[in-house]
Structure formats: C-alpha cells, structure tokens
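Engineer: here are the coordinates; sequence isn't available:
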C-alpha cells in the first residue's frame with residue numbers, strides 16, 4: 001500500500017485531485033501477451049485477467065480479475081502485480097513511473113476520443129470500454145539481442161535455448177472478438193518479437209483500417225524488415241513508428257543486436273523518418289541504456305536532435321549483468337556524473353526540449369538507485385516479476401506433479417522445470433545483489449533457502465539423470481537471459497548435458513555432484529558449460545569441479 005505522503009506527492013506531480021487512484025490502467029487498457037495471457041499492462045505479470053481462447057475478450061474485460069485490480073488501484077494498493085510501479089513511486093521516480101504514464105494518458109486519450117468522435121454511446125460509468133490496447137502476442141523475431149530471451153525472440157528460443165517454437169493462439173476469431181471494441185479504441189501498441197513478422201498483426205491492421213482508421217497505431221520495430229508490401233500498408237494506417245536502437249556506432253550496435261546489419265537498419269530508419277515527416281507525426285527511437293552503451297548516449301542525443309527524432313529510454317532491470325541499476329553505487333555515481341556533465345542545452349525546438357527532458361529523467365531514475373532501500377525494492381520487484389513470468393510460461397503450476405517419481409523427461413517434469421527456472425533466477429538476482437548491497441533482509445535470503453530446499457526434495461524424489469538434465473538445461477537458458485552474457489554458449493551444449501547426465505548415473509558420487517551443482521553460483525556453472533566443446537568437456541569441467549575430490553562449493557549465505 002502506498003503511503004499517504006507518496007500518494008499526495010504523486011497527485012501533485014500528475015495534477016490530479018486527492019482520492020485519485022494510483023493508476024487507471026485497468027480501466028483503460030488491455031495487454032495481450034504470448035500464449036493468450038491477458039493483463040492490464042505489459043509490466044503486470046501477476047494479475048492475469050484471462051487467457052485467450054479459454055476466455056473471450058468480452059469475458060476478460062468484464063471479469064472478476066479485472067474488477068479486483070480496479071478496486072485495488074482505486075485504494076492505492078499495488079500488490080496485485082503492480083510492484084514495479086510501487087518500487088518506482090517509492091523511489092520518487094515519477095518521471096519513469098508507468099503509473100504516471102497511464103494517469104496522464106487517461107486524461108489525454110479521453111480528450112482525443114471526444115475530439116475524434118470515438119466515444120461509445122453506452123454510459124461509461126456502467127460499461128467502460130478500453131481506450132488503449134497493447135499487443136505483445138508472439139515472439140517471432142529475426143535477431144538474438146544480448147539483453148533478450150526466448151520469450152521475446154523466436155531466434156533465441158530455437159537457436160540459443162534449443163526449444164520448440166512457441167504456439168500462437170491468436171487467430172482470425174480473436175480479431176473478430178476484438179472488432180466490437182475497435183471503433184472506440186484511441187491508440188494501440190504493437191510489439192514483438194518483430195511486429196512485421198507476426199501474421200496476426202497484419203489481420204488486425206487490415207481490420208482497424210476498415211472499422212477505425214482514426215486509431216493511432218504505435219509499431220515498435222527493430223527496423224530490419226521493410227519491403228514494398230509493408231510500405232504500402234504503412235501508408236494506409238495511422239501509424240507512429242518507434243524503432244528499437246541502442247547505438248549509433250556499428251561495432252556496438254551489432255554486438256548488442258546480433259543478426260542485424262547496422263547499415264541496413266540506418267537506411268530503414270531514414271525511411272521511417274521521412275514517412276513520419278510526410279504524415280506530420282513524431283518519430284521515436286527507444287534506447288536501452290546498458291553497461292555496453294551508456295557512454296554513447298550523449299552523442300545519440302545530439303544525432304537525434306539534429307534529425308528531429310524523439311529519444312526515449314527503456315528501463316533495463318534485466319539482465320542484471322547489463323543493467324545500470326545493479327552497478328555498485330560508486331560505479332553508478334560515475335555514470336550519473338558523466339550524464340550530468342553532458343545534459344543537452346535547453347533549446348526552443350519541441351524535439352530538443354523533449355529529448356532534454358527525457359535525458360534528465362534518466363539521470364533522476366538512476367539517482368534513485370543510489371539509495372539502498374530503492375535498490376532492495378528493485379531486487380524484490382525483479383524476483384516477483386521473474387516468478388510471475390515463470391508461472392505464466394511453465395505448465396504444472398502446483399506442486400502435485402513433484403510427488404510423482406520422474407524417470408523420463410515429459411509432462412511429469414513440468415514442476416521440475418518451473419522450480420529449476422525459479423531457483424536459478426532467484427540465485428542470479430540474489431548473488432548479484434550480494435556483490436553490491438550492504439545488507440539483504442531475511443525475506444530475500446529466505447527465498448533462496450526455501451527454493452533450495454524445494455530443489456533438494458525434488459532431487460530425492462527424481463531420477464538423478466533426469467534431474468541433472470532438466471536443472472542444467474534451465475540453468476543455461478535462464479542464466480543467459482536473466483544474468484546476461486555477450487558471448488553465448490554453443491547450442492550443442494544441451495546435447496552434451498544430456499550425455500553428461502546419463503553418464504553421471506553411474507558415478508559413485510552422483511548425488512554429491514548434483515548437490516554441489518545446486519549450491520554453486522549459477523554464473524560459475526554457466527561459464528564451465530559455455531567453455532565446453534563436447535560432452536567430455538562437460539564431464540571433465542563439472543565432475544572435476546563439483547565431485548567430492550574437487551573444489552567444494554558451499555551453500556550461499
């Protein structure tokens with residue numbers, strides 16, 4: 001629950017009267033994500049409003065889960081999946097707070113709806129209708145960005161994680177169910193993956209062009225896909241182009257957005273710039289400030305000011321090894337000092353004023369993470385979000401499946417997969433925090449203890465070869481996404497892990513090796529696996545390190 005002081009200050013910042021809810025997202029917005037999961041916004045992964053096609057769009061918008069969330073937000077209770085915004089508000093990061101965006105957006109969008117004649121005839125006090133839709137419905141993507149993961153990139157999922165492609169439940173029936181809502185929607189966001197590779201978006205854009213051509217469509221693209229068909233479509237819809245781009249330098253850019261050609265992307269970016277100028281619309285770049293590229297941000301601001309491009313900054317909380325927020329405070333202070341020395345001068349043009357404001361807000365956001373309490377809140381938020389994401393994307397959401405002895409990899413391992421992901425993600429975040437935090441309360445360290453105990457119980461009930469294979473597979477997948485690595489593992493490592501797991505079954509110290517693997521720092525295990533080039537290497541590295549005769553690894557504090 002937000003304190004009265006923060007609520008009062010927040011209301012003053014966003015110019016709203018006392019008693020206004022912390023965030024109106026659940027009354028104006030629906031976010032459609034992979035596997036049919038629907039929430040109120042892209043940051044709330046906990047309060048699931050429904051799952052398509054099990055629930056219809058109408059059932060989702062008028063169901064009990066969304067009513068519960070609306071009631072909580074009206075009482076400034078951010079416990080139902082809104083912990084990220086709670087952390088931002090407690091850090092006084094009002095500029096970067098998503099709750100502020102939705103608050104300001106609600107007023108502005110209602111005005112736009114009236115101006116464009118899109119308001120519904122029904123009594124809004126009785127039957128509200130969404131003004132905004134967010135689509136993040138599939139992971140189809142051609143890039144393997146270092147700060148990304150398989151849930152957002154099909155290329156990473158199939159190549160780096162060696163998993164089967166994700167299904168996409170969104171079909172033409174979904175578009176039909178949305179159609180009654182579309183005439184009243186003011187804006188819609190389309191994310192990915194890469195939107196121009198997602199077929200359902202093509203159907204939606206065609207339907208929107210017919211029933212509500214006034215709707216503003218914000219398309220977030222990596223600017224690698226552009227052909228005559230796409231150009232023709234963009235001419236017919238009311239689109240705002242946003243491009244994900246993280247460097248103005250070829251070497252840095254291609255080291256981050258792996259698989260992209262810097263020259264081709266810049267050529268396409270200039271096409272979008274011309275398109276937006278011809279339509280009289282703003283053109284925006286979205287930048288991920290990370291340890292790899294923060295020194296280049298002032299130069300990027302100057303380039304965008306010259307070209308007339310709005311520059312926005314994503315908040316990069318994960319991977320933890322790339323995030324600026326997780327830097328030791330002394331190093332973070334150096335970043336902040338550098339930015340303060342390079343604040344753009346105040347100039348009269350709209351773009352330059354906007355870019356200066358966004359740059360200053362980035363500084364303020366980073367300054368918030370100099371405060372120990374805010375860093376701890378950030379850690380708790382990452383753990384909560386990670387847990388919610390794992391629940392959404394892993395089957396077997398209760399612990400009953402772990403009571404079945406596991407002898408083969410199949411549906412009965414669902415809980416083991418889930419538990420492994422959760423434990424590794426928690427260890428990555430807590431291990432990293434221990435490097436930079438002076439003190440971690442019991443509520444945080446207890447998570448590691450409880451989840452380790454859960455894993456040990458699973459080990460006692462599971463075939464050792466199956467347990468080892470599942471745990472190491474998920475460690476590789478989770479560490480490369482949550483921890484963050486610039487030089488990723490060989491995709492064949494999963495085959496080598498399978499061979500190692502089978503061979504470990506005959507090892508006299510099998511259980512000791514597995515126990516030591518569980519107690520080890522995930523980063524250390526990942527480095528050993530990534531350095532391997534065969535199943536023999538995996539065996540040599542892991543048994544040599546974690547067998548009783550090798551270096552012992554103790555339980556983390």
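Structural biologist: The structure has been received and is ready for your questions. Source: prediction; values computed, not measured.
Engineer: Could you use CA atoms for every contact and neighbour count after this?
Structural biologist: Will do.
Engineer: Pull the distance from the host helix or strand of residue 251 to the chain's centre.
Structural biologist: Taking DSSP states H and E as the definition, one finds residue 251 inside helix 250-256. How far helix 250-256 lies from its chain's middle: 21 Å, per Cα atoms, centre = their mean, to the nearest Å.
Engineer: Could I get the average pLDDT for the helix or strand immediately after it in the chain?
Structural biologist: Scanning forward in sequence from helix 250-256, with DSSP H and E defining helices and strands, the next element found is helix 262-279. When pLDDT is averaged along helix 262-279, the result is 97.
Engineer: Return the list of helices and strands in contact with helix 262-279.
Structural biologist: strand 239-244, helix 250-256 (3 or more Cα pairs under 8 Å, 6 or more residues apart in numbering; DSSP states H and E).
Engineer: and the ones you listed, which is most packed in?
Structural biologist: Between these, the one whose residues have the most neighbours on average, counting mean count of other Cα atoms under 10 Å, is strand 239-244 (a mean of 22).
Engineer: how distant is it from the center of its chain?
Structural biologist: The gap between the average C-alpha position of strand 239-244 and the chain average comes to 18 Å, counting by Cα atoms, centre = their mean.
Engineer: Paired strands for it, with orientation please.
Structural biologist: Counting by DSSP bridges, the strands paired with strand 239-244 are strand 216-221 (parallel), strand 284-287 (parallel).
Engineer: So for residue 268, which of these sits nearest?
Structural biologist: With Cα to Cα as the measure, strand 216-221 is the member of the strands paired with strand 239-244 nearest residue 268 (10.6 Å).
Engineer: got a list of contacts for that closest one?
Structural biologist: By Cα atoms under 8 Å, 6 or more residues apart in numbering, the list of residues contacting strand 216-221 from outside reads 186-192, 194-196, 237-244.
Engineer: avg pLDDT for it?
Structural biologist: Mean predicted lDDT for strand 216-221 stands at 97.
Engineer: Counting neighbours, which bits of that strand end up buried?
Structural biologist: Along strand 216-221, these residues count as buried under the neighbour rule (16 or more other Cα atoms under 10 Å): 216, 217, 218, 219, 220, 221.
Engineer: which of the residues you listed lies closest to residue 446?
Structural biologist: Here the nearest of the buried residues of strand 216-221 to residue 446, counting by Cα to Cα, is residue 220; it sits at 39.2 Å.
Engineer: and that closest one, bridged to which residues?
Structural biologist: With DSSP bridges as the criterion, the beta-bridge partners of residue 220 are residue 242.
Engineer: Tell me the spacing between it and residue 359.
Structural biologist: In this structure, residue 220 and residue 359 are separated by 20 Å, where distance is defined by Cα to Cα, to the nearest Å.
Engineer: so where is the stretch 451-557 of the chain shaky, pLDDT-wise?
Structural biologist: Low-confidence regions of the stretch 451-557 of the chain, defined here as pLDDT under 70, cover residues 549-557.
Engineer: Would you map the helices across it?
Structural biologist: 464-478, 493-504, 510-519, 522-530, 535-546 (DSSP state H, counting those that start in this stretch).
Engineer: what would the ones you listed look like in a markdown table with mean neighbour count?
Structural biologist: Below are the helices of the stretch 451-557 of the chain laid out as a markdown table (neighbours: other Cα atoms under 10 Å):
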| stretch | mean neighbour count |
| --- | --- |
| helix 464-478 | 24 |
| helix 493-504 | 20 |
| helix 510-519 | 21 |
| helix 522-530 | 19 |
| helix 535-546 | 19 |
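Engineer: Throw the ones you listed into a markdown table and include distance to residue 312, thanks.
Structural biologist: Conversion of the helices of the stretch 451-557 of the chain to a markdown table gives the following (distance: least, Cα to Cα, whole Å):
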| stretch | distance to residue 312 |
| --- | --- |
| helix 464-478 | 28 |
| helix 493-504 | 38 |
| helix 510-519 | 40 |
| helix 522-530 | 32 |
| helix 535-546 | 43 |
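Engineer: Minimum distance to residue 349: which of these has it?
Structural biologist: Distances from residue 349 to each of the helices of the stretch 451-557 of the chain were compared using Cα to Cα; the shortest belongs to helix 464-478, at 44.3 Å.
Engineer: Return the angle between stretch directions for the closest one and helix 510-519.
Structural biologist: 20 degrees (axes from the mean of the first three to the mean of the last three Cα atoms, to 10 degrees).
Engineer: where do the strands sit along the chain?
Structural biologist: 29-33, 37-39, 50-51, 132-136, 187-190, 216-221, 239-244, 284-287, 310-313 (DSSP state E).
Engineer: Can you spell out which helices and strands pack onto the third one?
Structural biologist: Yep, that's strand 50-51 we're talking about. Partner elements for strand 50-51 (3+ Cα pairs under 8 Å, 6+ apart): strand 37-39, helix 57-61.
Engineer: hmm, 7 Å instead?
Structural biologist: On a contact count with 3 or more Cα pairs under 7 Å, 6 or more residues apart in numbering; DSSP states H and E, strand 50-51 meets strand 37-39.
Engineer: Tell me where the stretch 301-450 of the chain has helices.
Structural biologist: Assigned helices in the stretch 301-450 of the chain, in chain order: 329-341, 350-368, 372-393, 414-436, 442-461 (criterion: DSSP H, counting those that start in this stretch).
Engineer: for the stretch 101-250 of the chain, which spans come out with low pLDDT?
Structural biologist: Within the stretch 101-250 of the chain, the stretches falling below the threshold (pLDDT under 70) are 105, 122-127.
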